[in-house]
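J.: sequence first, then the predicted structure, then my questions.
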Amino acid sequence: MIGYVTLGVHDMERAKTFYAGLFAKKGGRVVIDSGRIAFISVARGQPMVAVCEPYDKGDPTPGNGSMVAFTADSKKEVDQMHARALELGATDDGAPGQRIPDRFYGAYARDPDGNKFCFYVFG
């Protein structure tokens with residue numbers, strides 16, 4: 001149902017490198033690059049993460065209470081994605097762990113611009 005989500009960033013090259021590197025093992029790459037906005041996905045027509053310099057040229061600011069959640073295939077993949085995000089310069093915002101017994105396993109981080117995201121698996 002979701003086509004893409006947009007995250008404001010300060011440095012486009014850093015953001016493209018971060019998100020393409022984060023999803024590289026799943027085939028993620030920059031699929032559209034229009035200068036001030038770029039879309040990272042596994043293929044055109046699939047859900048995308050867009051990174052952009054704000055249109056109004058103001059500072060990008062992460063929303064309070066806003067977060068993007070990325071699915072994983074297993075708890076092991078949640079752990080791996082969280083570790084990869086930290087390797088790429090993210091900050092830890094919640095180590096991998098079981099959040100809801102037998103229902104939700106997740107890990108949280110913030111990209112270099114402070115945007116919060118989660119990797120999770122149900123079950």
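T.: Ah, there it is.
J.: list the buried ones in the longest strand along the chain?
T.: The longest strand of the chain (DSSP state E) is strand 91-100. Within strand 91-100, the residues that qualify as buried are 93, 96, counting by 16 or more other Cβ atoms under 10 Å. Where C-beta positions appear, they are placed from N, C-alpha and C, glycine not excepted.
J.: could you give the angle of the helix or strand following that strand to strand 91-100?
T.: Next helix or strand after strand 91-100 toward the C-terminus (DSSP states H and E): strand 104-110. Interaxial angle, strand 104-110 versus strand 91-100 (axes from the mean of the first three to the mean of the last three Cα atoms, to 10 degrees): 170 degrees.
J.: average pLDDT across strand 104-110?
T.: Averaged across strand 104-110, pLDDT comes to 97.
J.: using PDB, write out every CA atom in that strand.
T.: Coordinates of the C-alpha atoms in strand 104-110 are reproduced here as PDB (Å, rounded to 0.1, in the frame of the first residue of the first chain):
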ATOM      1  CA  PHE A 104       7.100  -8.400  17.700                       C
ATOM      2  CA  TYR A 105      10.900  -8.400  17.600                       C
ATOM      3  CA  GLY A 106      12.500  -5.100  16.700                       C
ATOM      4  CA  ALA A 107      15.500  -2.800  16.700                       C
ATOM      5  CA  TYR A 108      15.600   1.000  16.500                       C
ATOM      6  CA  ALA A 109      18.200   3.400  15.100                       C
ATOM      7  CA  ARG A 110      18.500   7.000  13.800                       C
END
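J.: so residue 37 touches residue 6, yeah?
T.: Yes - Residue 37 is within contact range of residue 6, at 7.5 Å (criterion: Cβ atoms under 8 Å).
J.: what pairs with the longest strand of the chain, parallel or antiparallel?
T.: Applying DSSP bridges, strand 91-100 is found paired with strand 104-110 (antiparallel).
J.: now for residue 40: which residues touch it?
T.: 16, 19-20, 23, 28-31, 48-51 (Cβ atoms under 8 Å, 6 or more residues apart in numbering).
J.: appreciated, that's everything.
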